[in-house]
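S.K.: Got a predicted structure plus its sequence, pasted below:
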Amino acid sequence: YQQLYAAVASFNDPSKGFEIATFHGKFEDAVPQILKFVGRSYALTFIDPTGWKGYEFPKVGAILKHRPGEVLLNYMYDFINRFTACHDPKVATTFDGILGANWNARLEPALPRHQAVEKLFLDEFRKAGGFDYVLSTPIEKIDDRKHFCITYGTRSEHGLEAYRDVEFKALENHQEIRAVARQARTEARTGQGILFEAAEIPSTHSIETLAAAEKTKARAWLEDQLRQG
């Protein structure tokens, strides 16, 4: 904490409208202080845990519900996937704060387990914050495995549009960085270059492919709504 405080203290300048506040303790215990600091201002809250504990929705709900405001939350996909599959009841109960009580029995059986867990998380996040829109952006490692997801909650259509625009550009850049990293790793392992540049190799995980899939799902949903009248 002392290192954090020392790193930001010199930037704290309330006279110029730039004020920094720090808290030494657990995030869940800091909720009253955070709300007092934010007051009636717009808040873009970023919650960045190292796992799945420390931000139980019943305890931090007041921050999620703050208006005007939007929330970004780092969903630790890899860790949560791994440990929700654990059969130890003591481990399972540690997820109640973000998945709700009796969460194992509430998973959608038609979905693969990892998707069902994430969907339940997004539903609980939506309810806890009273959000109209909730999105999840996957951030992958070099080996094409999801490492974590940025979860976004908003009540604004304009916020939704702005987020999608930023998301597309950010994922394009992330895609290029991963491609170059994969190429460098391959060359380091084999001692040989590859025929094509990394950016020239198509990927089934590309942002363009993902966007096309989302458009297909949106079209199917709209057609279904129209058929139902």
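M.R.: Alright, I've got the coordinates.
S.K.: gap between the two ends of stretch 96-107?
M.R.: 13 Å (Cα to Cα, to the nearest Å).
S.K.: distance of T93 from L72?
M.R.: 27 Å (Cβ to Cβ, to the nearest Å). (C-beta placed from N, C-alpha, C; glycine too.)
S.K.: These two - which one has more neighbours?
M.R.: L72 (16 against 11; other Cβ atoms under 10 Å).
S.K.: How far away from the center of its chain is the helix or strand hosting E124?
M.R.: Using DSSP states H and E, E124 falls within helix 113-129. Put simply, helix 113-129 sits 11 Å off its chain's centre (Cα atoms, centre = their mean, to the nearest Å).
S.K.: what does stretch 69-81 give?
M.R.: Worked out by Cα atoms, centre = their mean, stretch 69-81 lies 4 Å from the chain centre.
S.K.: what comes up buried for the helix holding E124?
M.R.: Buried residues in helix 113-129, counted by 16 or more other Cβ atoms under 10 Å: H114, A116, V117, E118, L120, F121, L122, E124, F125, R126, A128, G129.
S.K.: tell me the contacts of the spatially most central residue of the chain?
M.R.: Compute the mean C-alpha point of the chain, and by Cα atoms, centre = their mean the closest residue is I150, 1.9 Å away. I150 makes contacts with L72, L73, N74, Y75, S136, T137, I139, as judged by Cβ atoms under 8 Å, 6 or more residues apart in numbering.
S.K.: hang on, the earlier thing: show the subsequent helix or strand relative to the helix holding E124.
M.R.: strand 133-140.
S.K.: Near A211, how many other residues are there?
M.R.: Neighbour number of A211 under other Cβ under 10 Å is 14.
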